[in-house]
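In: Got a predicted model here, sequence first, then my questions.
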Amino acid sequence: MKPAPSSILLTAPDGSTRQSLLGMNLAELETVVAAIGEPNYRAKQLHEWLYRRRAADVMAITSFSQQLRRRIAETTTLRTLTLADQQTSEDGTIKFLFRTHDGFNIESVLIPSEARDDQDEPKRRTICISTQVGCPLDCKFCATASMKLKRNLAAGEILEQFLRVQEVAQQEITNIVFMGMGEPMLNYDAVFRAVALFTDPENDFVPASRITISTSGLVEGIRRMADEGEKIKLAISLHASTNGLRSELMPINRRHDLSEVMDAVEYYYRKTRRTITFEYILFEGLNDTEEDARRIAKLTRRVPSKVNIIPFHSINFTNPTGISARLHPTTRQQFDNFVAMLRAHGVQVMVRSSSGQDIEAACGQLAVKHGAATLKSEM
Ligand code: SAH
């Protein structure tokens, strides 16, 4: 796996380069200011303008003289993403399409909660952030899989999704989920570099308790989070109660099967004492039986946990083959039955809403149109 670039370097047509500052920590900013012969305290100022005051442009940093701003802007930049498209769903979900400096498309989604406060404002506003361009894991129900992995995102690109969405939305974002395109554990360093900046109280983004990382079950990442004392929440994409079905749906299960994933989850719980969320998409006739409910209850009982039941959002596969052709959402009635069965087994169940389905912004639908079109024309 290619490491994520620690910082983005933009090359102009004349060959000159500019380094993106977003994603850098204080020590790295100190190196940047030292290179232009400025004292150390400038790095602290830059840090504050980058993360707390969220300047969009070096020229907006008004505590620096015009001349200093111009000097910094010669070799650096703050933003690297271009907002290419934006769509609002009937339920208020907004999908953002960003283009990276090297021409890739990534998506972020802003999801208002259904619950409202006294002023009829949504209680929560969750941003769903992408961590990779595409994904290498080839889960058979996920639209991103069709893009394959193009590259990892840098920490600055992960952070910038938040900044840009917040600017457009003009509303406070209260929660972050790493559930957009990509497998965050395969881009661990960049994701947790972004997490460190998001959760630094000085920067005033969101507390760790309102950030969730979702993984298909990359056990090294789960154990590393536990060892490194990461305070954000962990969600595991389970989606099947047997290794046979899980390996068919999620090829990663052949590398790390259910028992290995559950061992890592138990290790994580012992070290962190934090409740784990399991995500479970319901597929008609495949994983929605009484037997499945019993097995899910048995598996998830190993740690204090919740199970998030997710309706399957059908994907417009051009040429579904194998198991992909057999994936259908469970009927409303069986969905409710399954939830009731889990509850009867003592499982704490949450039902995830399907925000943004009409604009293909719901889970697993973040295959970028542009990329999908290329794929179709290749067939
Ligand atoms: N790679 C990570 C995070 C991205 S997916 C992971 O696997 O957890 C975020 C969630 O959306 C996962 O639970 C994923 O399984 C789910 N998802 C993917 N495709 C979906 C689809 N077509 N319908 C419903 N949920 C889907």
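Out: Cool, the structure landed.
In: L137 is in contact with K148, correct?
Out: No. Using C-beta atoms under 8 Å, K148 makes no contact with L137, being 9.8 Å away. For every residue, glycine as well, the C-beta is placed using N, CA and C.
In: Contacts only, for K44.
Out: L26 (C-beta atoms under 8 Å, 6 or more residues apart in numbering).
In: Doesn't it lie inside a helix?
Out: Yes. Counting by DSSP: H, G, I helix; E, B strand; the rest coil, K44 falls inside a helix.
In: what number of residues lie near A293?
Out: Using other C-beta atoms under 10 Å, A293 has 24 other residues around it.
In: follow-up on the earlier one: between K148 and L137, which is the more surrounded one?
Out: L137 (22 against 14).
In: how near is that one to N203?
Out: 31 Å (C-beta to C-beta, to the nearest Å).
In: next one: E167
Out: On the measure of C-beta to C-beta, E167 and N203 end up 16 Å apart.
In: Between the two, which is the more surrounded one?
Out: Per other C-beta under 10 Å, whichever of E167 and N203 has more neighbours is N203, with 18 against 11.
In: which residues sit in contact with G217?
Out: G217 neighbours (C-beta under 8 Å, 6+ apart): 236-237, 250, 252-253, 256, 260-261, 264.
In: Please flag which of those sit within helices.
Out: Of those, the ones assigned to helices by DSSP state H are 260-261, 264.
In: Go through those residues and say which is closest to G15.
Out: A264 (46.6 Å; C-beta to C-beta).
In: so how far is Q45 from the residue of the chain most remote from its centre?
Out: Relative to the C-alpha centroid of the chain, counting by C-alpha atoms, centre = their mean, Q67 is the outermost residue, at 38.5 Å. Computed as C-beta to C-beta, the Q67 to Q45 distance reads 15 Å.
In: same check, this time on R18
Out: For R18, the distance to Q45 - C-beta to C-beta - is 19 Å.
In: Show me which positions of stretch 151-168 end up buried.
Out: For stretch 151-168, the neighbour count (16 or more other C-beta atoms under 10 Å) marks 151-166 as buried.
In: And for stretch 278-293?
Out: 278-283, 286-288, 292-293.
In: Tell me the one among those residues nearest to T199.
Out: Nearest member of those to T199, counting by C-beta to C-beta, is E279, at 22.5 Å.
In: I'd guess the closest one is in a helix, am I close?
Out: No. Secondary structure assignment (three-state DSSP) places E279 in strand, not in a helix.
In: quick one: it and F312 touch, right?
Out: No. Contact between E279 and F312 fails when scored by C-beta under 8 Å: they sit 11.8 Å apart.
In: Spell out which residues of the stretch 201-350 of the chain are next to the ligand.
Out: Within the stretch 201-350 of the chain, the positions near the ligand by C-beta under 6 Å from any ligand atom are 214-216, 237, 279, 281, 310, 312-313, 315.
In: Which ones among those residues map onto helices?
Out: Per DSSP H, these never map to helices.
In: mind listing the helices in the stretch 1-150 of the chain by residue range?
Out: 26-35, 41-47, 66-75 (DSSP state H, counting those that start in this stretch).
In: and the last one, what does it pack onto?
Out: This means helix 66-75. Counting contacts by 3 or more C-beta pairs under 8 Å, 6 or more residues apart in numbering; DSSP states H and E, helix 66-75 packs against strand 17-20.
In: Tell me where the stretch 151-300 of the chain has helices.
Out: Using DSSP H, counting those that start in this stretch, helices in the stretch 151-300 of the chain cover 155-169, 188-199, 219-227, 243-249, 258-272, 290-300.
In: Tell me which of those helices lies nearest to N40.
Out: helix 188-199 (19.6 Å).
In: Run the angle between that closest one and helix 219-227 for me.
Out: 40 degrees (axes from the mean of the first three to the mean of the last three C-alpha atoms, to 10 degrees).
In: what about helix 188-199, average pLDDT?
Out: For helix 188-199, the mean per-residue pLDDT is 98.
In: Please tell me how far the residue farthest from the centre of the chain sits from the ligand.
Out: Note on Q67: its distance to the ligand, by C-beta to the nearest ligand atom, to the nearest Å, is 45 Å.
In: Counting neighbours, which of the contacts of G217 comes out on top?
Out: S237 (28 neighbours).
In: measure whatever residue of the stretch 1-150 of the chain ends up closest to the ligand to V206 for me?
Out: Of all residues in the stretch 1-150 of the chain, the one sitting closest to the ligand is C142 (3.7 Å; C-beta to the nearest ligand atom). Plainly put, C142 is 26 Å away from V206 if you go by C-beta to C-beta.
In: same deal with I72?
Out: 28 Å.
In: Which of those two has more residues huddled nearby?
Out: Taking neighbours as other C-beta under 10 Å, I72 and V206 compare with I72 leading, 22 against 19.
In: P320: how many residues sit nearby?
Out: 13.
In: residue contacts, it?
Out: P320 neighbours (C-beta under 8 Å, 6+ apart): L327.
In: SS state for it?
Out: Quick answer, by three-state DSSP: P320 is coil.
In: cool, the one 5 residues further on as well?
Out: In three-state terms, and counting by three-state DSSP, A325 is helix.
In: In space, what's closest to it - neighbours in sequence excluded?
Out: Sequence neighbours aside, F317 is the residue nearest to A325 in space, at 7.9 Å (criterion: C-beta to C-beta, 6 or more residues apart in numbering).
In: gap between the one you found and the ligand?
Out: 10 Å.
In: how about that residue, secondary structure?
Out: Applying three-state DSSP: F317 is coil.
In: Wait, it touches R326, no?
Out: No. Applying C-beta under 8 Å, one finds F317 not in contact with R326, separated by 11.5 Å.
In: between the two, who's got more neighbours?
Out: F317 (17 against 13).
In: What values do phi and psi take at the more buried one?
Out: Dihedral pair for F317: phi -70, psi 140, per degrees, to the nearest 10.
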